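> Let me see the structure of the following:
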Amino acid sequence: MGAVHNLLFLGITLISIVHKATAGCTFPQHTAENEKLEKHIQPLLGKRYSAKDANEEYVYQIGICTDAVDVAEVPEAKDKNIAAYQFMNVNGKPEFTGGHTVGRYNNASLTKGTGWILLEFRNGDAYHTHCNKENRRARIMIICDEDVSVGSETINIFEENTNKTGDCYYLFEMASSAVCGSKPVVTFGLSLGSILVIVFVCVVFLYLALGIVYHRFMLGSKGMEQIPNYSFWQDFGNLQSDGCNFVCRSGGSPQKSTFKGLGDDQLQEEEDRDDHLLPM
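Below you'll find the model as predicted:
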C-alpha cells in the first residue's frame, strides 16, 4: 500500500508539474497569437507574488500566467485559471475561505510601452454592490528597472479603483529587468569620405617614409634632399602660380600699335644708335 500511495502521489505531482509547464495566458481581446504576446513577459511566466494593501486588511496572491493559489489551500480554485486572488488578512495570516478571484489568466490582456508593460487579468468574481456588479479585474503595471533581477521582484497593490459605476480594477505595480528588453548594439561605422581620408593619409605617409629611406641609404642624400622628388615640391608653388595665371587671368600679351606716329621712326633710330654701347 505504501508503494501504491507513493506512486499515486508521484503521478499527481507530475500532472501538476505538466499543468504548470503548459499553463499560459490566453488573450481573447487580441488578434495576435498567445505565444507572440507572452514573449514580452517570458522571464516572468509561471512566477508567483504576494502583496498586502496599505491597511494590511487584504492579502493578494498573483500568478503570472499560472495558478496564483494551490488547490490544497483553496480547493475551489481547481481548474479555475485564477491569476489573482484576494484573501482576508486575519491576525497576520491569510484567511483562505471567503476569498475573491480578482482575475483569470485565460482572459488576459497585454499592453506594451517603452519601458513598461500593462498585464491585465479579467473575468474575476463579480462585485456585490460596487461598480454596477461587474466582474473584478487585476491590472499589473510592470516597469523596467535594470537593478531588479528576475526572481527578486516584489509586487505592491497601488489602489483598488471602485469609486465609479464601471470599469473598476485592482492596480498592482512591479519593477523588473525582464521587461527592459535587450540593449541595442552600438556600432561605429566609417563613411566613404572617412575611408578615403584614411587611405590618403596612409599613402602620403608611406610615400614620405619609403622615399626618405631610399634617398638616405641608397642615394646618400642629406638634409632636405632626402625628401622624395624634392625639386618638384620645391617648384610646386611656382607651378601652381603659373597654372593659375594661365587659367584665371584674362589679360593677354600687349598688342602692337597699328598706327605709327610721326616720331616712331626717330625713336627706332635712337634705339638702334644705342647698339654700340653694348659690350662685345
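
> Report the separation between I143 and I155.
Noted for I143: a distance of 11 Å to I155, by C-beta to C-beta, to the nearest Å. From N, CA and C alone the C-beta is placed, and that goes for glycine too.

> more crowded one of these two?
Between I143 and I155, I155 has the larger neighbour count (other C-beta atoms under 10 Å), namely 22 against 16.

> show me what contacts that one?
49-51, 60, 62, 140, 172-174 (C-beta atoms under 8 Å, 6 or more residues apart in numbering).

> Filter those down to the buried ones.
Buried subset of these (neighbour count, 16 or more other C-beta atoms under 10 Å): 49, 51, 60, 62, 140, 172-174.

> residues in contact with F205?
F205 makes no contacts at all, as judged by C-beta under 8 Å, 6+ apart.

> sorry, back to before: and which of the buried ones among the contacts of I155 is nearest E76?
The closest of these to E76 turns out to be Y60 (C-beta to C-beta; 17.3 Å).

> For the longest helix along the chain, give the mean pLDDT please.
Across the chain, the longest stretch assigned as helix under DSSP state H is helix 192-217. Computed over helix 192-217, the mean pLDDT rounds to 86.

> same deal with stretch 64-73?
For stretch 64-73, the mean per-residue pLDDT is 88.

> just for the stretch 101-250 of the chain, where's the confidence low?
182-188, 234, 236-237, 249-250 (pLDDT under 70).

> which residues do I143 and I155 both contact?
Contacts common to I143 and I155, judged by C-beta under 8 Å, 6+ apart, are 173-174.

> packing partners for the one helix or strand Y49 maps to?
Using DSSP states H and E, Y49 maps to strand 48-52. Applying 3 or more C-beta pairs under 8 Å, 6 or more residues apart in numbering; DSSP states H and E, we find strand 48-52 packed against strand 58-63, strand 155-161.

> For Y85, give me its contacts.
By C-beta under 8 Å, 6+ apart, the residues touching Y85 are 60-61, 68-69, 74, 77, 99-102.

> Find the helix or strand that it is a member of.
strand 82-90.

> With R139 instead?
Going by DSSP H and E, R139 is in strand 138-144.

> hmm, who's touching that strand?
41, 44, 62, 64, 83-84, 102-103, 115-121, 124, 155, 158, 169-181.
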